[in-house]
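S.K.: predicted coordinates and the sequence they were generated for:
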Amino acid sequence: MSLKRTNVYADTADLTLIKEAAAKLGIPEAELIRRGIHLAALSTRVWRDELEFPTFDDVDEPVTDEVTNAVVAGTQRT
């Protein structure tokens, strides 16, 4: 991966949190900032093509919130 230098203005409180987290993790602050930039870039990505959602074999409809909630509830049982 090639890196390019850039300047960013950041809130002092955020920089303090980054400094503390980097020290705890034993990594450079710059690495933590790069990770944050990468996550921000991915979270705001715009897709050119419409996303295809999974469907059931005999029903040609996307999985609903009801199904998602049932799966989540099933994984939380002990």
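M.R.: Everything's here; your move. Numbering: from 1, shown residues only.
S.K.: make it CA atoms for all contacts and neighbour counts henceforth
M.R.: Will do.
S.K.: ok, Ile33 - contacts?
M.R.: Shown in contact with Ile33 (CA atoms under 8 Å, 6 or more residues apart in numbering): Ile18.
S.K.: so where does it fall, helix or strand?
M.R.: Here Ile33, judged by DSSP states H and E, is contained in helix 29-43.
S.K.: all helices for the chain, in order.
M.R.: Residue ranges of the helices in the chain, as given by DSSP state H, are 12-25, 29-43, 65-75.
S.K.: show me which positions of the first one end up buried.
M.R.: So that's helix 12-25. Ile18, Lys19, Ala22 (16 or more other CA atoms under 10 Å).
S.K.: can you redo those residues as TSV with distance to Gln76 and pLDDT?
M.R.: Output for the buried residues of helix 12-25, formatted as TSV (distance: CA to CA, whole Å; pLDDT from 0 to 100):
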residue	distance to Gln76	pLDDT
Ile18	32	96
Lys19	35	97
Ala22	32	97
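S.K.: where among the helices of the chain is the average confidence lowest?
M.R.: The minimum mean pLDDT among these belongs to helix 65-75 (a mean of 77).
S.K.: so how far is that helix off the chain centroid?
M.R.: Distance of helix 65-75 from its chain centroid, counting by CA atoms, centre = their mean, to the nearest Å, is 21 Å.
S.K.: helices and strands around it, which ones?
M.R.: If you count contacts as 3 or more CA pairs under 8 Å, 6 or more residues apart in numbering; DSSP states H and E, helix 65-75 packs onto no helix or strand.
S.K.: for the helices of the chain, which one sits closest to Met1?
M.R.: helix 29-43 (11.8 Å; CA to CA).
S.K.: next, the angle from that closest one to helix 12-25.
M.R.: 110 degrees (axes from the mean of the first three to the mean of the last three CA atoms, to 10 degrees).
S.K.: I'm done for today, thanks for sticking with me.
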